[in-house]
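Undergrad: Below are the sequence and a predicted model; questions follow.
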Amino acid sequence: MSEAASPPITLLDAPRVPRLSRFVVTPASLARFRRFATPVLLVLAWQAGVSFGVIPSRLVASPAAILETFWSLSASGELLENLLVSLGRVAVGLGIGVVAGVGFALVAGLSRIGEDAVDAPLQMGRTLPHLALVPLFILWFGIGETPKIGLVALGSVFPIYLNLFAGIRGVDPKLVEAANTLGLSRGELIRHVILPGALPSALVGLRYALGVAWLSLVVGEQINAQSGIGHMMMDAREFLRTDIIMVGLLVYALLGLGGDLLVRALERRALSWRSVFVS
Amino acid sequence: MVSAPAVRIRGLTRAFGGAPVLHSLDLQIAAGEFVALLGRSGSGKTTLLRTLAGLDPVQQGHVDMPARRAVVFQEPRLLPWKRVWRNVALGLRGEDVQARARAALQEVGLAHREDAWPLTLSGGEAQRTGLARALVRDPELLLLDEPFASLDALTRLRMQALVSALWVRHRPAVLFVTHDVDEALLLADRALVLEGGRIRTELAVRLPRPRRHAHPGFAELRSHLLLALGVDESRPEAGEVDPSFVQARPGAEIGAGVAV
Ligand SMILES: Nc1ncnc2c1ncn2[C@@H]1O[C@H](COP(=O)(O)OP(=O)(O)OP(=O)(O)O)[C@@H](O)[C@H]1O
Ligand SMILES: [Mg+2]
């Protein structure tokens, strides 16, 4: 994000530029400012609406009330505790999903027999909306941690598998051929050519998987959770605490954003060889 | 000096479904010999080279070739996710892999780019990296498939001089596929024309090295080779040798650069 903003700033901060021009409002900076104007106005209108009783606070808490609740929940440690539980579920579920997805993709991507064995069932499974499995999961796994983690794992397997499999199969055959003339063993070929070649798609898959994982968590945590952000929100519903519910929403949103930033950072590091393209 | 040939091909036939592309082809390349292979597009030059590279299975016929072979393709085919020296070192065994890769890069004049990403290389630099990657394996047989076809004329001249110098120093047997008659005559001991699945024409090039276009024997060999490729210089017809193209080239040193 800072990179996107840097060119105009470096221009303005360049030492030779006369001092006055630092304060010139360029059309670009104005446009950026305009982009924030609408959301800010909406939040202000929302606050005003609740304050003046136009919007009943029973249905929607005001932004100020949400912030206040956010602080108090943070201070009491309740938020952090639930957050850690939710994070743990995502981490374990996503971990299982990634390991399984990568495993399936390697088996299917690297051998025809493996493809025949693995690809068809996974392609079929992909078309099933996995969130619709909640009732079955409750029957199978009860209402403890297992169905929640299972839902996250199941949701994240598919994007990982599909993207890595496509990435492996999409590796430039000319590169593979060139590598073969260099006397690489099968293992070296996979390590030096095929996996790095598939990495960009694998990371795209990881990003999708992360998004699906959060979604699955939200749904999973509605299954009689005793802890976690979802539990905090369901609990608040009983007491008509819309402020707590909206804090939960805010946290979900921030977690999703954070995960995305994490994968982007990972991408920048792992794919620095192609930064010549994107910069 | 009579040494065992580096390459001995007898009765090689290769078909892709229909009529054979290579049809009971015979060819020998002596150790340390530089052979240029010409022929119309689709005549099977790449197929022959791929067979020698071990990329195409021998269906019919006998092919004896050395164990240490290296290929330079028309496109550089570097792994974009590995820095230049790691590309050169790829698949090397033994100690000092990095030092050997460096030395090879030094030889092609790319020591200063050893840590660069391949995507940042110019076309000529990428092809030189490909040469270094081939040379570092100390091949007994070096296979080049139109390696300089996509480079500009000046870079190509420089690359030809580089290949010539590297060949003199390391003396691998070379099979150099090209469309450029001048390139063949500048580099090769022998020029072959592939036609109808066999070597139809064989032309020994006995010009002193370093070669010059200005050498009196050059023009004669050139018309010979062009004739074998179906271009009759004494009767320029439309679409064969465009006179304006010849005149546009600066100086006789570069020559007409007729490609087929
Ligand atoms: N894998 C393949 N499958 C089917 N046909 C092929 C295959 N490889 C080559 N051919 C055919 O064999 C013939 C010779 O191809 P080859 O690439 O050897 O020609 P070439 O002499 O290298 O041509 P160019 O000068 O255009 O590179 C062509 O007709 C081509 O279509
Ligand atoms: Mg070819």
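TA: It's in. Residues are numbered from 1 along each chain as shown, chains lettered A, B, ... in the order given. Ligands and ions are numbered 1, 2, ... in the order given.

Undergrad: Does anything pack onto the longest helix along chain A? Which helices or strands?
TA: Identified as the longest helix of chain A according to DSSP state H is helix A:78-110. In terms of contacts (3 or more C-beta pairs under 8 Å, 6 or more residues apart in numbering or on different chains; DSSP states H and E), helix A:78-110 is packed against helix A:63-76, helix A:112-127, helix A:145-169, helix A:195-220, helix A:229-238, helix A:242-270. Where you see a C-beta, it was placed from the backbone N, CA and C, and this is true even at glycine.

Undergrad: I'd guessed A:M232 sits against A:M246; true?
TA: No: using C-beta atoms under 8 Å, A:M232 makes no contact with A:M246, being 11.4 Å away.

Undergrad: Among the helices and strands packed on helix A:78-110, show me which one is buried the most.
TA: Of all the helices and strands packed on helix A:78-110, helix A:145-169 has the most neighbours on average by mean count of other C-beta atoms under 10 Å in any protein chain shown, namely a mean of 24.

Undergrad: Report the buried residues of the following helix or strand past that helix.
TA: Proceeding N to C from helix A:145-169, the next assigned helix or strand is helix A:173-181, under DSSP states H and E. Neighbour-count burial for helix A:173-181, with 16 or more other C-beta atoms under 10 Å in any protein chain shown as criterion, is recorded at A:L175, A:A178, A:A179, A:N180, A:T181.

Undergrad: Run the angle between helix A:173-181 and helix A:195-220 for me.
TA: In terms of direction (axes from the mean of the first three to the mean of the last three C-alpha atoms, to 10 degrees), helix A:173-181 departs from helix A:195-220 by 130 degrees.

Undergrad: Tell me if helix A:173-181 is near ligand 1.
TA: No: contact of helix A:173-181 with ligand 1 is not found when judged by C-beta under 6 Å from any ligand atom; the minimum separation is 11.1 Å.

Undergrad: Quick one: mean pLDDT over the following helix or strand past that helix.
TA: Per DSSP H and E, the first helix or strand lying C-terminal to helix A:173-181 is helix A:186-189. On average, the pLDDT along helix A:186-189 is 94.

Undergrad: in helix A:186-189, what counts as buried?
TA: In terms of neighbour count (16+ other C-beta under 10 Å), helix A:186-189 has its buried residues at A:L189.

Undergrad: ok, residues contacting it?
TA: Here helix A:186-189 makes contact (C-beta atoms under 8 Å, 6 or more residues apart in numbering or on different chains) with A:V176, A:A179, A:N180, B:G91.

Undergrad: can you list the residues you listed in TSV and add pLDDT and distance to B:V63?
TA: Formatted as TSV, those follow (pLDDT from 0 to 100; distance: C-beta to C-beta, whole Å):
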residue	pLDDT	distance to B:V63
A:V176	95	23
A:A179	94	22
A:N180	93	17
B:G91	92	22
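
Undergrad: can you redo these as JSON lines with distance to B:R50?
TA: Below are those laid out as JSON lines (distance: C-beta to C-beta, whole Å):
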{"residue": "A:V176", "distance to B:R50": "14"}
{"residue": "A:A179", "distance to B:R50": "15"}
{"residue": "A:N180", "distance to B:R50": "11"}
{"residue": "B:G91", "distance to B:R50": "18"}
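
Undergrad: Which pair in the residues you listed has the greatest spatial separation?
TA: Greatest spatial distance in the contacts of helix A:186-189: A:V176 and B:G91, 12.9 Å, computed using C-beta to C-beta.

Undergrad: Residues of chain B that sit close to chain A?
TA: B:53-55, B:69-71, B:73, B:75, B:77, B:79-82, B:90-91, B:117-120, B:133, B:137 (C-beta under 8 Å from any C-beta of the partner chain).

Undergrad: Any of those residues buried? List them.
TA: Among these, those scoring as buried are B:53-55, B:69-71, B:73, B:75, B:77, B:79-82, B:90-91, B:117-118, B:133, B:137 (criterion: 16+ other C-beta under 10 Å).

Undergrad: quick one: which of those sit in strands?
TA: Those of those mapping onto strands are B:R69, B:A70, B:V71, per DSSP state E.

Undergrad: Please consider this matter closed, and thank you.
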